[in-house]
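Student: Provide a 3D model corresponding to the input given below.
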Amino acid sequence: MNVGPRWYVAHTYSGYENKVKASLEKIVENRGLENLIFDIRVPVETVIEKHGDKEKEVELKIYPSYVFIKMVMTDESWHAVKSITGFTGFVGPGSSPTPLTDAEVERLNIETTRVELMVKVGDSVTVTEGLFEGYKGTVQAVSDDLKNVTVLIKRGNRDMSVELDATSVKLA
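Tutor: Numbers count the residues shown, from 1 in each chain. Predicted structure coming up:
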């Protein structure tokens, strides 16, 4: 039944999107679930609000009360998500989570394919989003389609090779 990672939509209490994301990232790290839960996103857009003659950049959630999770659906990963305060359920009929289709992922623009910064093998980078946000590493490989990079990250006393979206790293 497990066919690899798919995008699922988790419903949250209003205003809990980032709390659910942060809690799940911590659970993944603490329980070593990196092989089951790959990415957690709360899509936002930046808008400029005007108050009188002052302008301020504000991030607005594109899909309020929803968190997008790229995961392999197993009992373990399902229970990890279900245990989070603020999580109210997966989107799907009844109690069975339904993964998004590739067309839905593309239409909802969950996986950005725009590569804004070209990195090459050997570059030192910092991870800017996802489970490894803030970690520094060295680029080991860049995918042929330029969408993914493999980065060697030092985690504790061991080196870990992780595949990331090219848009989630920047030159260190």
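Student: ok, Tyr13 touching Ser65?
Tutor: Yes: between Tyr13 and Ser65 there is a contact under CB atoms under 8 Å: 7.2 Å. C-beta here means a position set from N, CA and C on the backbone, and glycine is covered the same way.
Student: and those two? which has more neighbours close in?
Tutor: Ser65 (16 against 13; other CB atoms under 10 Å).
Student: what's the per-residue pLDDT of the more buried one here?
Tutor: In this model, Ser65 is scored at 96, pLDDT.
Student: in stretch 142-155, which residues are buried?
Tutor: Buried residues in stretch 142-155, defined by neighbour count with 16 or more other CB atoms under 10 Å: 142, 148-151, 153.
Student: all helices for the protein, in order.
Tutor: Using DSSP state H, the helices found in the chain span residues 17-31, 75-82, 102-108.
Student: avg pLDDT for the last one?
Tutor: Along helix 102-108, the predicted local confidence has a mean pLDDT of 87.
Student: for that helix, give me every contacting residue.
Tutor: 7, 43, 63, 68, 100, 111 (CB atoms under 8 Å, 6 or more residues apart in numbering).
Student: could you export it as PDB, CA atoms only?
Tutor: The C-alpha trace of helix 102-108 is given here as PDB (Å, rounded to 0.1, in the frame of the first residue of the first chain):
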ATOM      1  CA  ASP A 102      -0.100  15.400  -9.100                       C
ATOM      2  CA  ALA A 103      -2.500  17.800 -10.900                       C
ATOM      3  CA  GLU A 104      -3.700  19.200  -7.500                       C
ATOM      4  CA  VAL A 105      -0.200  19.700  -6.300                       C
ATOM      5  CA  GLU A 106       0.600  21.600  -9.400                       C
ATOM      6  CA  ARG A 107      -2.600  23.700  -9.400                       C
ATOM      7  CA  LEU A 108      -2.200  24.500  -5.700                       C
END
